[in-house]
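A.B. asks: Task: produce atomic coordinates for the following.
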Amino acid sequence: MARLEAIKGAKIGLDTVVFIYALEGNPEFGNLATQIFAMIEEGSSQGFACDLVLAELMVKPLRQGHPEVAEEYAQELPNFPNLSFRPLTRQIVINAARLRSSSNLGLIDALHLASAVEAGFDYSPPSALLKGGDSQVVLFPLAGTVKLPLDAQYVDI
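C.D. replies: Below you'll find the predicted structure:
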């Protein structure tokens, strides 16, 4: 399915969907998401997520009348080994606006991507990835595309 060896030692930017796939056992991507979290937990990769992930993850359990699950997400996920949650900063918001202006990304996706870039990420699964000549990797989310740098090549993970 995926060559996870390619991302060992990488800084991985995680969008909310990766958490959802792992937590809900998505039939198509759940196993991959779980393996990525295992790599992060064992320290062979470092994970980054925007605080926005917590807000997005908490909505479903709150709507379904399970505030204890939402609270568990809020308390436990920021303590996951080798996973850093990053606050939204003014610079991230500005960079997200720049990303949106040059792509068809929605605001949420642009904020996630700008946050990952600010954290110095290398990969952002499970979407298609590009790897540039300077080892910078760019997310190609389902909602749109962001093309940086111009000399990028596809990386199959």
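
A.B. asks: Packing partners of the strand or helix carrying residue 48?
C.D. replies: Using DSSP states H and E, residue 48 sits within strand 46-50. Helices and strands touching strand 46-50, by 3 or more C-beta pairs under 8 Å, 6 or more residues apart in numbering; DSSP states H and E, are strand 11-14, helix 30-42, strand 83-86, helix 107-118. C-beta: built from backbone N, CA, C; applies to glycine.

A.B. asks: nearest to residue 92, of those?
C.D. replies: Between residue 92 and the helices and strands packed on strand 46-50, the tightest spacing by C-beta to C-beta is seen for helix 107-118, at 4.7 Å.

A.B. asks: Counting by contacts, list what that closest one packs against.
C.D. replies: So helix 107-118, by 3+ C-beta pairs under 8 Å, 6+ apart, packs with strand 11-14, strand 46-50, helix 52-63, helix 90-101.

A.B. asks: Quick check: which of those is nearest to residue 72?
C.D. replies: Comparing the helices and strands packed on helix 107-118 against residue 72 with C-beta to C-beta, the closest turns out to be helix 52-63 (8.5 Å).

A.B. asks: How about the closest one, which residues are buried there?
C.D. replies: Buried residues in helix 52-63, defined by neighbour count with 16 or more other C-beta atoms under 10 Å: 52-54, 56-58, 61.

A.B. asks: ok, residue 112 - how many residues close by?
C.D. replies: 28 (other C-beta atoms under 10 Å).

A.B. asks: ditto for residue 29
C.D. replies: Around residue 29 there are 19 residues (other C-beta under 10 Å).

A.B. asks: What of residue 70?
C.D. replies: By other C-beta under 10 Å, the residues close to residue 70 number 18.

A.B. asks: wouldn't it be in contact with residue 63 here?
C.D. replies: No: assessed by C-beta atoms under 8 Å, residue 70 is found out of contact with residue 63, at 9.4 Å.

A.B. asks: Show me where this protein dips below the pLDDT cut-off.
C.D. replies: Applying pLDDT under 70 to the chain picks out residues 1-4, 6, 122-157.
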